[in-house]
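J.: Structure for this input, please:
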Amino acid sequence: MNIVLAASEAFPFCKTGGLADVVGAITQEFSRARGAKVLLMLPYYRRVKNTASLKAVPGTFLVPVGGHIEPARLFYLKWGNTLVFFIHSSKYFDRPGFYNEHGKDYADNDERFIFFSRAVLEACKFIGFKPDIVHAHDWQTGLIPAYLETLYKTDAYFARTRSIFTIHNIAYQGYFPRATFDKAGFYGPDFTPDKFEYWGGISFLKAGTVFSTRVTTVSPTYAKELLNGQNSFGFEGVLRSKGPAFSGILNGLDIDVWDPQSDNLIPMGYDEESMRGKMLCKTALQKELGLEVNENIPLFVMVSRLTYQKGIDLISSIVPALAGKVQFAFLGKGEHSVEHTLKNLASSNPSYIAFCGAVDENLAHKVYAAGDFYLMPSRFEPCGLSQMIAMRYGTLPIVTKTGGLADTVKGFTDKASVNKATGFFIDNFDPNALIYTINRALEIYSNKSAFNKMRGNAMMEDFSWDNSSSAYLKLYENALSLGARW
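T.: Numbering: from 1, shown residues only. The predicted structure is shown next:
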C-alpha cells in the first residue's frame, strides 16, 4: 500500500498545536506497517530551513493557481522509515508564521493552500510515486480529495487512488468567498450546495468532506456530537450526508516522546512505582517560574492554545478565590485578551500564579511532569492530547465530559471508583461546578493512598497508537476495496 499523508504541520518539523503531534505520530506509526510505503508532504515554511539533512529533488514542477502557473520545488529527508517531502514556494511559505502574523490571518491563505493541495498531487507525479491512499488533514488540505474527484478524475496516474479526510477541529472550516472557487480552477457547474457551495462561498473543509472516499474525526464521541449538531458549527448536515462513510477514530499519543521515565527534558525521570522524580520536577518548576517552593501545596497546570474553546475564561474566574490554597501554572499562546487576563492574574499573585505566554515544547514537558492536576474545562474538545499526556505523567486531569475527553478519562465518582478512576469530570460548564470538582480533587489529594492510586491508574493507561493506527489501516483497506475510481 502506497500512502501519502498531507498536512499543514507535523511534529517535529513545524507545529502550532495538536494537529502537528497527531500527524507526526501517525506517520511514524504507519511507516512501521508491514507492506506500506509512506510519504509525508508538508509546506516548506521559513522555520523549516534550518532542519538538518534536507536534500533538494533536482528540477521544478508547475502548479496551476488562479489562472497562472506557479513553480514549485521539493526538498526531502529520511525520517525513520518515512520520506518527508517539503513543498517549496518562496511566494507562499517564506514568511514568519504558518497561517498568520501579529494575530491576523494571511490575506492569501486561500491561494496558499490551493497551491499546496494541488502541489501534493503534482509532486506525486514529479517523483513517480503512485498513491493508493492520500490521507489529508484539516481544512488546509481539504481541496486534495476535491481535486482527485474533479480535475484529476480522468488522470490515469490516480485511477486507483482513494482519499481519506480527517477533521481535527470543525470550528476551523477554511471558508472563503466565491472568487476562491474560481481561483482553485474548479468547474463552474460544480458550484452547487451538494458539492462546493457553502453559504455563498467555498469551505475547504466541506470540499474535503464531500469528495473524500472516507471521512474521519478524532474521537468516537466527537463524531456523535457532530452528527447531533452539538458544537458542529452548522456542519452536521454535510456530515450526515456521508452516512456510514463518516466515523470517529480516537487519536493516540507518541509514547516515545511523552515518557516520564526516559524524558530528558525534565529534571528527573520517574514511573508509577517511584514518584520521587515527580516531586523533584514539581519543586524545580516552582523555582523556575518564581512560585513559592513547596512540594506539599497542590499545583494545577495547563498547557494550551489560549482560545475561547478551552474554557480559560471559566478558569480565570475561579483562580483568585483559590490562589494561596493552591498554585497555578499556565503555558500557552493565543487570543490576546486571554493572554492579557492570565498575565494580570500572575502579576497580582506571583507566588501562587505563573503564566508563560509562549509555545515552548521543552517547558511543556516540565509543566506536565510537575503538575498534580491538569485543568481542561473545554467547551468542546475533538480529541485532546493534553489530558492523555497529563495522565501519562501522573497529573490528574479535571475536564468537561465532551468529545475525546469523555473517551479517554475515567471519572472519579465515589470512594469505590478510586480503583479505576484517572481524573475528574466537571458536571456543568460554570464556575460553581468547576470549584466543586476542584474541591473533590483536593479531598483526594489530602488522602495520599487514594491520590497515589489514581495517579498509578492514570500512568498505566495505554494511549499508544497501536489500536488507532490499526483502525486507520482497516479504513484504508476498506476504501481500496471499492476498486478503481473509473
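J.: Could you list the domains of this structure?
T.: What automatic domain parsing lists as the domains of the chain is 2-252+466-480, 276-460.
J.: Columns mean neighbour count and mean pLDDT on top of the ones you listed, output as JSON lines?
T.: All C-beta atoms are positioned from the backbone trio N, CA, C, and that covers glycine. Shown next, in JSON lines, are the domains of the chain (neighbours: other Cβ atoms under 10 Å; pLDDT from 0 to 100):
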{"stretch": "domain 2-252+466-480", "mean neighbour count": "19", "mean pLDDT": "95"}
{"stretch": "domain 276-460", "mean neighbour count": "20", "mean pLDDT": "96"}
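J.: between the ones you listed, which gets nearest to Pro260?
T.: domain 276-460 (4.9 Å; Cβ to Cβ).
J.: Now do the end-to-end distance for the closest one.
T.: Domain 276-460 has an end-to-end distance of 17 Å (criterion: Cα to Cα, to the nearest Å).
J.: Check stretch 57-67 too.
T.: Start-to-end, stretch 57-67 (Cα to Cα) is 26 Å.
J.: repeat for stretch 341-356
T.: Stretch 341-356 has an end-to-end distance of 12 Å (Cα to Cα).
J.: Need the residues that contact it.
T.: 289-292, 306, 312-313, 316, 319-320, 323-324, 326-331, 339, 357, 363 (Cβ atoms under 8 Å, 6 or more residues apart in numbering).
J.: now stretch 316-323
T.: Identification of contacts with stretch 316-323 by Cβ under 8 Å, 6+ apart yields 328, 341-342, 345, 348-349, 352-353, 431, 434-435, 438.
J.: Output that stretch in PDB with nothing but the alpha carbons.
T.: Taking Å, rounded to 0.1, in the frame of the first residue of the first chain, the C-alpha atoms of stretch 316-323 are listed here in PDB:
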ATOM      1  CA  SER A 316      -9.700  32.700  35.300                       C
ATOM      2  CA  SER A 317     -13.000  33.400  37.100                       C
ATOM      3  CA  ILE A 318     -12.100  31.000  39.900                       C
ATOM      4  CA  VAL A 319      -8.400  31.400  40.200                       C
ATOM      5  CA  PRO A 320      -8.400  34.400  42.600                       C
ATOM      6  CA  ALA A 321     -10.500  32.600  45.100                       C
ATOM      7  CA  LEU A 322      -8.100  29.600  45.200                       C
ATOM      8  CA  ALA A 323      -4.700  31.200  44.900                       C
END
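J.: roughly how far out does that stretch sit from the chain middle?
T.: 28 Å (Cα atoms, centre = their mean, to the nearest Å).
J.: next one: stretch 127-140
T.: Relative to the centre of its chain, stretch 127-140 is centred 19 Å away, using Cα atoms, centre = their mean.
J.: so where do the strands sit in the stretch 251-400 of the chain?
T.: 299-303, 327-331, 353-356, 373-376, 396-400 (DSSP state E, counting those that start in this stretch).
J.: would JSON lines of the ones you listed with distance to Lys415 be doable?
T.: JSON lines is the format used below for these (distance: least, Cβ to Cβ, whole Å):
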{"stretch": "strand 299-303", "distance to Lys415": "23"}
{"stretch": "strand 327-331", "distance to Lys415": "27"}
{"stretch": "strand 353-356", "distance to Lys415": "32"}
{"stretch": "strand 373-376", "distance to Lys415": "19"}
{"stretch": "strand 396-400", "distance to Lys415": "16"}
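J.: Determine which of these approaches Gly252 most closely.
T.: strand 396-400 (16.8 Å).
J.: Identify all contacting residues around the closest one.
T.: Counting by Cβ under 8 Å, 6+ apart, residues outside strand 396-400 touching it are 300, 311, 372-379, 381, 384, 386-387, 390-391, 405, 409, 422-426, 429, 434, 437-438, 441, 444, 454-455, 458.
J.: Ile114 - that's part of a strand, no?
T.: No - secondary structure of Ile114 (DSSP: H, G, I helix; E, B strand; the rest coil): helix, not part of a strand.
J.: so what's it closest to, chain neighbours aside?
T.: Ala184 (4.9 Å; Cβ to Cβ, 6 or more residues apart in numbering).
J.: does that neighbour really touch Ile144, like I thought?
T.: No - if you go by Cβ atoms under 8 Å, Ala184 and Ile144 don't touch, sitting 11.4 Å apart.
J.: For the strand ranked longest in the chain, output the C-alpha coordinates as CSV.
T.: Ranked by residue count and defined by DSSP state E, the top strand of the chain is strand 68-79. This file holds the C-alpha atoms of strand 68-79, laid out as CSV (Å, rounded to 0.1, in the frame of the first residue of the first chain):
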residue,chain,number,x,y,z
HIS,A,68,-1.5,31.3,-13.7
ILE,A,69,1.3,28.8,-13.2
GLU,A,70,3.5,28.7,-10.0
PRO,A,71,6.8,26.9,-9.9
ALA,A,72,7.4,24.5,-7.0
ARG,A,73,10.4,22.7,-5.7
LEU,A,74,10.8,19.7,-3.4
PHE,A,75,13.1,19.1,-0.5
TYR,A,76,13.2,15.9,1.4
LEU,A,77,14.7,14.0,4.3
LYS,A,78,14.6,10.4,5.6
TRP,A,79,12.8,10.1,8.9
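J.: packing partners for it?
T.: strand 55-56, strand 61-65, strand 82-88, helix 109-127 (3 or more Cβ pairs under 8 Å, 6 or more residues apart in numbering; DSSP states H and E).
J.: Pairing partners for that strand, with directions?
T.: strand 55-56 (antiparallel), strand 61-65 (antiparallel), strand 82-88 (antiparallel) (DSSP bridges).
J.: how far off helix 109-127 does that strand point, in degrees?
T.: 60 degrees (axes from the mean of the first three to the mean of the last three Cα atoms, to 10 degrees).
J.: What lies in contact with strand 68-79?
T.: 27-28, 40, 44, 51-57, 59-64, 83-89, 91-92, 115, 119, 122-123, 126-127.
J.: let's go with 7 Å and repeat that
T.: 44, 51, 53-57, 60-63, 83-89, 91, 115, 119, 123, 126-127 (Cβ atoms under 7 Å, 6 or more residues apart in numbering).
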